[in-house]
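**Q** return a 3D structure for these sequence lines:
(chains A and B)
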Amino acid sequence: MLYCPHCGTSNREGSKFCNNCGELLPPSFEEGLPPEGAPPEPAQEPEWLQGLEGEAPWEPGEVLEGAEEEPEWLRELGAPAAEAGVDVKGEVAGEEGTAPWLEALAGLTEEASLEPLEKEGLLAGVKGALKVEPIFSTPHRVGEVAFSPLAGADQAARFEGIVSQPLAPVAVEERPRTRRKEVLSWLFYLILAGAVVGGILLAGGSINMPLTQATVDFYKTVESLEEGSVALLSHDYDPGTAAEITPQVRAIFDHLMRRGVKIVNLSLTPEGQALADRALEDVVSEHEGYLLGRDYINLGYVAGNEVGARFVAEGLRARLSPYPLGEGVGGLEDVDLVVVLAGSQEHLRRWVEQVQAPYKVAMVAGVSGQVDPAARPYYRSGQLKGLLSGLVGAAEYERVNQHPGIALSMMLPQAAAHLVIALFILLGNFAYLVESLGGRG
Amino acid sequence: MRELLGTWVAALLTLMVFSYLISDNPLYRLAEHLFVGSALGYAIVVAIQDVLLPRLFTPLAQDPVTYWHLLIPLLLGLLLLAKGRVSTAWFGNVSVAFLFGVGGALAIGGALVGSLLYQVRDSMLPLLPGEGDGGRAIDNLILVVGTLGSLAYFYFTVGGERRTSGLRGGALRLGSIVGKWFIMITLGALFANAVMARVSLLVGRLHFLLSDWLRIV
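**A** Residues are numbered from 1 along each chain as shown, chains lettered A, B, ... in the order given. Sure thing, here's the model as predicted:
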């Protein structure tokens, strides 16, 4: 590891420049070594040592030049030192040239245990604590030193004693609890799956479920269309929500075809067009005489989200003109009903904001259950003439349309699953309550 | 034969996804990667077949004089490809600005005209019951109180001690408490609808396994 002399950043071995500041790095330790077999270079005296040549060595008891003068940092410390009862002037040079505060520390170090603390590593063999660390030798507050090298030695010995103790056996109480949780989870999965499978096996198409006003309004809106009217269906969903919306689509297709309405399909999602085609194939086979291009068409995927929705509204005539169905359709004003099948609230909002509001076209929507809370305000405000919500909405529509299908057959397993979930929620809350009361007691 | 193969592939992939209930495993990951990869590949093919070919390349190839204006979206689209490299990314800024500008303008305008104005108008409701319309009045009252309470809860500019002092602060504090409960009920309804949607997916998958694959139903 190379450390930059400029900023101190550690750099990879062999680096030429610092990764942080870009300064030129000194050669690494290995690079600085002479090659093997090379003769050793003669030792050179450093400059600071050359400058001292000719001076006599210092003798104990000799007072150095300027030592009599009190330094500034010592004058600044006069007040605290005086408070501590220490003679500052006496510290400058004692009888033997040693400051009293240093003598006090030396006394402490002599009492220290000189047991060898370092047994391995770079400091292996060093006995005892260092007498005076540089940081402690600064007498900035004599008499208020709350920490000494001995405290560090004690802490080190205590730490060594703690880490050298044998490890206590690890408690293994977590495992049975996790196992119990897994068993409970699996029990819940099995009960839920059993309820759904049992519901599917026992299901019939004659469930007398209540109808919501939004579904009835949807039905009445479609029912009011005359034969030869044009309905535009936008399939804005994907396989993730197809289980809820595809039954809606089938029921709506069936109703529209029984009314003799021309159907124009498109999608703002790439997957929607394929899902629409599959639903069309299933329903058209029950309605002979409905021809592709004359009675129904799938215009495919329209890119662009908001722009795509507005593009459909502006350019519908051009897109329908190649087909017989497009005869008499001059634009969106000739479309009698727009049906939005949305798997997300963004898609529904695009159609409402970009098409319904500016063009005042009649619009209904079939949405996924989780989109229902976002779609409900549009129904309440009258922007949507009707609303189907989730699989339940599809089942309601099948019932009001008097054409039972797959949605009605799924209501019993759906209800069974809801019942199981509700029971487990109640059970969980009851267990939590009992546990809380037990903990208080 | 093709339908049978498709049913078996769909059934096996469904079981592979269900295997996540045991734990995260290679079968689940394989199904997950297959789903992501096939969805992306399908989207690309659809974009080429339904958008680029019929709306851009075919008209340009057949009659470039009439459809010369299509060169502009073609150029903007090509500039977007420059976003792939950092050194050339700035070429695509014009295209991105165009996309964001048009999309943002349509979205904001639509939100104002299509959502905000309608919803504000629809929240101005009579609170006094008419003849034989007591239920409607209660419904309106709940809606108005919920709307005002939710707005008060998100009125953050009056806070701390000022919020509890004076008539205005007290009204805001009371409104925010009411609004908090309305918001919690709304979030509960959202969560319940999300659970219902997921249960519908489970029912749909199990129905597919029992009817289309095993042919029990």
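**Q** show me the shaky parts of the chain.
**A** If you meant another chain, say so; for now it's chain A. For chain A, applying pLDDT under 70 flags the ranges A:1, A:28-151, A:169-177, A:205-207, A:440-441.
**Q** the intended chain is chain B.
**A** Low-confidence segments of chain B (pLDDT under 70): B:131-132, B:158-165.
**Q** give me the outermost residue of it relative to its centroid.
**A** No residue in chain B sits farther from the centre than residue B:166, which is 41.9 Å out by CA atoms, centre = their mean.
**Q** which SS class is the nearest residue to residue B:137 once chain neighbours are set aside?
**A** Once flanking residues are discounted, residue B:137 sits nearest to residue B:129: 3.6 Å by CB to CB, 6 or more residues apart in numbering or on different chains. C-beta coordinates here come from the backbone N, C-alpha and C atoms, glycine included. State at residue B:129, reduced to three classes by DSSP: H, G, I helix; E, B strand; the rest coil: coil.
**Q** swap in residue A:21?
**A** Secondary structure state of residue A:21, per three-state DSSP, is coil.
**Q** ignoring the adjacent residues along the chain, who's closest to the residue of the stretch 1-150 of chain A found nearest chain B?
**A** Scanning the stretch 1-150 of chain A for the residue nearest chain B gives residue A:19, at 19.9 Å (criterion: CB to the nearest CB). Leaving aside its sequence neighbours, residue A:19 sits nearest to residue A:11 (CB to CB, 6+ apart; 5.5 Å).
**Q** contacts only, for the residue positioned nearest the centre of chain B.
**A** Most central in chain B under CA atoms, centre = their mean is residue B:194, positioned 13.2 Å from the mean C-alpha point. Counting by CB atoms under 8 Å, 6 or more residues apart in numbering or on different chains, residue B:194 touches A:369-370.
**Q** in which helix or strand would I find it?
**A** Secondary structure from DSSP states H and E places residue B:194 in helix B:166-208.
**Q** around chain B, which positions in the stretch 101-250 of chain A sit nearby?
**A** Neighbours of chain B within the stretch 101-250 of chain A, by CB under 8 Å from any CB of the partner chain: A:189, A:192-193, A:196-197, A:199-201, A:240-244.
**Q** rerun that using 6 Å as the cut-off
**A** Proximity of the stretch 101-250 of chain A to chain B is confined to A:189, A:196, A:200, A:243-244 under the rule CB under 6 Å from any CB of the partner chain.
**Q** which among those residues end up buried?
**A** Those of these that meet the buried threshold are A:196, A:200, A:243-244, by 16 or more other CB atoms under 10 Å in any protein chain shown.
**Q** so of those, which ones are in helices?
**A** If you go by DSSP state H, those have A:196, A:200, A:243-244 in helices.
**Q** those residues: which two are farthest apart?
**A** Checked with CB to CB, these reach their widest spread between A:200 and A:244, with 16.2 Å between them.
**Q** phi, psi for residue A:342 please.
**A** phi -110, psi 130 (degrees, to the nearest 10).
**Q** ok so, going back, which of the ones in helices among the buried ones among the residues of the stretch 101-250 of chain A next to chain B lies closest to chain B?
**A** Looking across those and measuring by CB to the nearest CB, the closest to chain B is residue A:243, at 3.0 Å.
**Q** now do the contacts for the closest one.
**A** Neighbouring residues of residue A:243 by CB atoms under 6 Å, 6 or more residues apart in numbering or on different chains: B:200-201, B:204.
**Q** what residues of stretch B:30-42 count as buried?
**A** Those would be residue B:31, for stretch B:30-42 by 16+ other CB under 10 Å.
**Q** alpha carbons of it, as CSV, please.
**A** Provided in CSV are the C-alpha atoms of stretch B:30-42 (Å, rounded to 0.1, in the frame of the first residue of the first chain):
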residue,chain,number,x,y,z
LEU,B,30,-35.4,-19.7,-13.9
ALA,B,31,-39.1,-18.9,-14.2
GLU,B,32,-38.6,-15.3,-13.1
HIS,B,33,-35.8,-14.8,-15.6
LEU,B,34,-37.8,-16.4,-18.4
PHE,B,35,-40.7,-14.1,-17.6
VAL,B,36,-38.6,-10.9,-17.6
GLY,B,37,-36.7,-12.0,-20.8
SER,B,38,-39.8,-13.0,-22.7
ALA,B,39,-41.7,-9.9,-21.7
LEU,B,40,-38.9,-7.7,-22.9
GLY,B,41,-38.4,-9.6,-26.1
TYR,B,42,-42.1,-9.5,-26.8
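**Q** next one: that stretch to chain centre, how far?
**A** In this view, stretch B:30-42 has its centroid 21 Å away from the chain centroid, taken as CA atoms, centre = their mean, to the nearest Å.
**Q** can you pull out the residues in contact with it?
**A** B:13, B:16-17.
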